[in-house]
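**Student:** Have a look; sequence and predicted model below, questions after that.
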Amino acid sequence: MKPRLILAAALLAVACAPLLERELAPAAEKPAAPAAEPASAPVTNLTFATLSKTLVRMPPEFPDELRSLDGKRVRITGFVMPYDDPEKLQKLLLVETPGGCFFCAPPNANALLFVRRDAKDGALAFGMDPVTFEGTLSLWHAGMQKSDEARQFLFTLNDARVQRSKRAWLSL
């Protein structure tokens with residue numbers, strides 16, 4: 001594994017640790033997660049600009065335009081940061097800009113999208129090219145199971161499939 005990926009993962013873990021240590025809302029305040037829409041449902045384009053409008057606190061304050069997409073099919077383009085096995089890339093982080101500069105700060109919590117790829121989706125090679133995913137958006141909520149790794153992130157894209165991958169303007 002490249003040293004830059006190890007450093008990025010370490011910085012990400014340090015940045016997310018405070019979110020994990022906070023108390024969750026009492027059980028009475030836990031909202032139910034919305035039911036996912038079928039894959040044939042209309043797809044809305046989502047941008048990192050919309051995600052960045054989320055106020056990072058516990059609980060997070062999502063803008064209305066983002067809350068309306070919770071449980072809905074969305075499409076978003078970004079750059080892949082491996083989360084699990086870089087050979088499989090079944091779970092990954094999607095960020096707005098290519099990573100790898102150890103002088104730069106890691107992305108904010110509202111600039112990371114945790115992606116769980118559909119097991120039926122084909123292979124995805126890790127690279128520095130932007131990738132477009134389509135899947136069901138889930139927003140963080142206090143009722144998430146402690147064992148759910150998505151609990152570490154404000155946004156999760158479930159059952160995601162690669163829609164498009166293009167050569168980036170920057171190639172390393």
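**Tutor:** That came through fine.

**Student:** What's the first helix or strand after the helix or strand of the chain with the lowest mean pLDDT?
**Tutor:** Least confident helix or strand, the chain: helix 3-21 with a mean of 45, by mean pLDDT, DSSP states H and E. Using DSSP states H and E, the helix or strand that follows helix 3-21 in sequence is strand 44-45.

**Student:** in the helix or strand just after that next one, what's buried?
**Tutor:** Remark: after strand 44-45, the chain's next helix or strand is helix 48-51, criterion DSSP H and E. Within helix 48-51, the residues that count as buried by 16 or more other Cβ atoms under 10 Å are 48, 50-51. Placement of C-beta: from N, CA and C, glycine included.

**Student:** What are the buried residues along stretch 135-145?
**Tutor:** For stretch 135-145, using 16+ other Cβ under 10 Å, the buried residues are 135-141, 144.

**Student:** Could you do stretch 62-74 as well?
**Tutor:** Applying a neighbour-count criterion of 16+ other Cβ under 10 Å, one finds 62, 66, 69-74 buried in stretch 62-74.

**Student:** residues near A105, how many?
**Tutor:** For A105, the count of nearby residues is 8 (other Cβ atoms under 10 Å).
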